[in-house]
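Student: generate coordinates for the sequence data below:
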Amino acid sequence: MRRGTAWPWTNRFANPDYSSPPVTEEKESLPFSFAEFSAWFDRYSRHFLEPAQKAAGAALNELLDDELQEPQRMRIRVGSGRVKSKTRTWKKLNDKYPGRVSSLSTIPDVVDDLVGLRVVCTNKSDVNRLVDILDGLDKYADGDEPVLATHNGSSKDWRTEPKKSGYRAYHVNLCTSVPQATHRHLIVCELQIRTLLQDSWGELTHEDTYKPGADVPPLVNTLSRRMADLMATLDDIAEDLRSELDRLAEGSLVESRETEEIPSVRDRDVEPSPNPTREAAEAYLREQVNALTRPMPLPTLAWELQREFGGEISNGWLGYGTFTKMLNAVIPNARVSPTNRSYVLPENFDIASYDGEYPGVPRVISLLKEADKSFPLCSSAHWPEVYSALAVATHEMSWEDAPDIKVLNELTRLARDSATPATAERVSRGQVQYVGYALLSSFTLITNMTANQVEQAFVDWMLSRSTSMGLPQDDSDQLESWLRGKGRQDA
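Tutor: This is a model prediction of the structure:
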């Protein structure tokens, strides 16, 4: 008797006119029983899946620690992850893969989400930054035993075009390897990246419980989509709020850089009233500056103080007026660069003695990356492609008022869309965003720019930053050559 076909024998013989039911197509079945699968899954999970979950999570955290300054790092949180349950794996195998699984050992080759990781980001811009970081990872190739790599072609982007349910997120498969006797065993992990609001929507609507194909009432689907759209609007508002708060925080550091003199000229008329919090904050600031081993962006140092003593201290900076005045009064010998995105330099810091940690790039590039984690490392030859993509974007949109972060985000999207298939992988969102921010900060971002104009404005801005760190002329020449696409081509 065919599996799944019920023969009503009694009725058939009792009624001579009874017609046998049509023979239905037999559904393919798995070549092993649940008992066999259960024993295999328990062993495989214990030896490989659970260690891979921990290893991939730890590697991802280390990657973010290396790539992000503290304020950005705090806005990206890596969850503990999970190993897919035995029963859900069995159901998925029977529903989707019975014809593709020939044995127990082929299950990991077919099911790519046996291990799942989730990262929750505060804002959409944090998601974009994380995607850029992952784009910079090595792509897995057969035979590799990676600590962390991405599986080429595995990304699924539902941020701008959500699923019918309203689900918005970015997925990509990560590859890691765990010990197996004398070699290492490859495990693929599915990484989900969501904003805080997107993750909340998933929890509220049980997105992780009701998978596609589940029998969900139409009203539930309708309400879920409505909630997803509302939260997407809130995500946009949250992004605007984040941009405005960042702008205000940056503005609170100095009253006006145009009216300040170089940092060696100190404000001595600042005498705030005695305050226990102020005394503790001053001591903490001294500790942070004295502990510096490499240049630190001024906003990062200010953020460290706010994190320790509360954001409200930026309201007047404990009587000093601005963070720069506070720093100058508390640490008179502090070395602070006078340019946009200023640095605080370690005492006796000598850039000429810096030994860069990034192979294949000049020391000056390594130093910039160490001081500013958002600085994109890419081959010298790729920079002209970034300038060209951003220039094309300035022809595709216009703005009446002075451009802001929202304009820059749209320009970044347009620049990425304008990249040809040959350059798409080399022109990342992070590269375009970084160059665009440089133009935005230097008030040189205008409509209808040429690639040469973008390049010149960016190079001028970067040279100003490097000079503020005491870069020798020879290194400045090397930096300019690199950014103009004429540097060594081995990065």
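Student: give me the phi and psi for Arg335.
Tutor: Main-chain dihedrals, Arg335, degrees, to the nearest 10: phi -100, psi 110.
Student: ugh, typo on my part, it should be Thr150
Tutor: Main-chain dihedrals, Thr150, degrees, to the nearest 10: phi -100, psi 150.
Student: helix/strand/coil for the nearest residue to it once chain neighbours are set aside?
Tutor: If the residues on either side of it in the chain are set aside, Thr150 comes closest to Leu137, at 5.0 Å by CB to CB, 6 or more residues apart in numbering. Backbone N, C-alpha and C define where each C-beta goes, glycine included. Secondary structure, DSSP: H, G, I helix; E, B strand; the rest coil: Leu137 is coil.
Student: neighbours of Leu137, just the number please.
Tutor: 18 (other CB atoms under 10 Å).
Student: let me know whether it touches Leu148 as I believe.
Tutor: Yes - between Leu137 and Leu148 there is a contact under CB atoms under 8 Å: 6.3 Å.
Student: joint contacts of the two?
Tutor: Leu63 (CB atoms under 8 Å, 6 or more residues apart in numbering).
Student: care to break this protein down by domain?
Tutor: 34-208+217-234, 276-345, 351-483 (automatic domain parsing).
Student: Arg242 is nearest to which of these?
Tutor: Arg242 sits nearest to domain 34-208+217-234 of all these, at 4.9 Å, using CB to CB.
Student: from the opening residue of the closest one to its closing one, how far?
Tutor: 45 Å (CA to CA, to the nearest Å).
Student: pull the residues that contact the helix or strand encompassing Leu93.
Tutor: For Leu93, the element it lies in under DSSP states H and E is helix 86-96. Residues outside helix 86-96 that contact it (CB under 8 Å, 6+ apart) are 29-30, 34, 37-38, 41-42, 45, 84, 101, 107, 110-111, 114, 213.
Student: what's the answer for stretch 415-423, then?
Tutor: Residues contacting stretch 415-423 (CB under 8 Å, 6+ apart): 385-386, 389-390, 392-393, 396, 424, 427-429, 432, 436.
Student: one step back: any idea of the mean pLDDT in the helix holding Leu93?
Tutor: In this model, helix 86-96 has a mean pLDDT of 92.
Student: can you tell me which of the contacts of stretch 415-423 are buried?
Tutor: For the contacts of stretch 415-423, a burial check counting by 16 or more other CB atoms under 10 Å picks out 385-386, 389-390, 392-393, 427-429, 432, 436.
Student: dump the contacts of stretch 415-423 to CSV, plus secondary structure, pLDDT and distance to Glu62.
Tutor: Formatted as CSV, those follow (DSSP: H, G, I helix; E, B strand; the rest coil; pLDDT from 0 to 100; distance: CB to CB, whole Å):
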residue, secondary structure, pLDDT, distance to Glu62
Glu385, helix, 91, 30
Val386, helix, 92, 27
Ala389, helix, 92, 31
Leu390, helix, 93, 31
Val392, helix, 93, 36
Ala393, helix, 93, 34
Glu396, helix, 92, 39
Ala424, coil, 67, 28
Val427, coil, 79, 27
Ser428, coil, 79, 21
Arg429, helix, 79, 22
Val432, helix, 89, 26
Gly436, helix, 90, 29
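Student: tell me which strands and helices the longest strand along the chain is in contact with?
Tutor: Looking across the chain with DSSP state E, the single longest strand is strand 183-195. Counting by 3 or more CB pairs under 8 Å, 6 or more residues apart in numbering; DSSP states H and E, the packing neighbours recorded for strand 183-195 are helix 50-67, strand 115-121, helix 124-135, strand 170-180.
Student: among those, which is nearest Gln453?
Tutor: With CB to CB, the closest approach to Gln453 among the helices and strands packed on strand 183-195 belongs to helix 124-135: 24.3 Å.
Student: what angle do strand 115-121 and the closest one make with each other?
Tutor: Here the directions of helix 124-135 and strand 115-121 differ by 140 degrees (axes from the mean of the first three to the mean of the last three CA atoms, to 10 degrees).
Student: identify each buried residue in helix 124-135, please.
Tutor: 124-135.
Student: then stretch 93-104?
Tutor: Buried-residue list, stretch 93-104, by 16+ other CB under 10 Å: 93, 101, 104.
Student: before we move on, what about stretch 278-288?
Tutor: In stretch 278-288, counting by 16+ other CB under 10 Å, buried: 278, 281-282, 285, 288.
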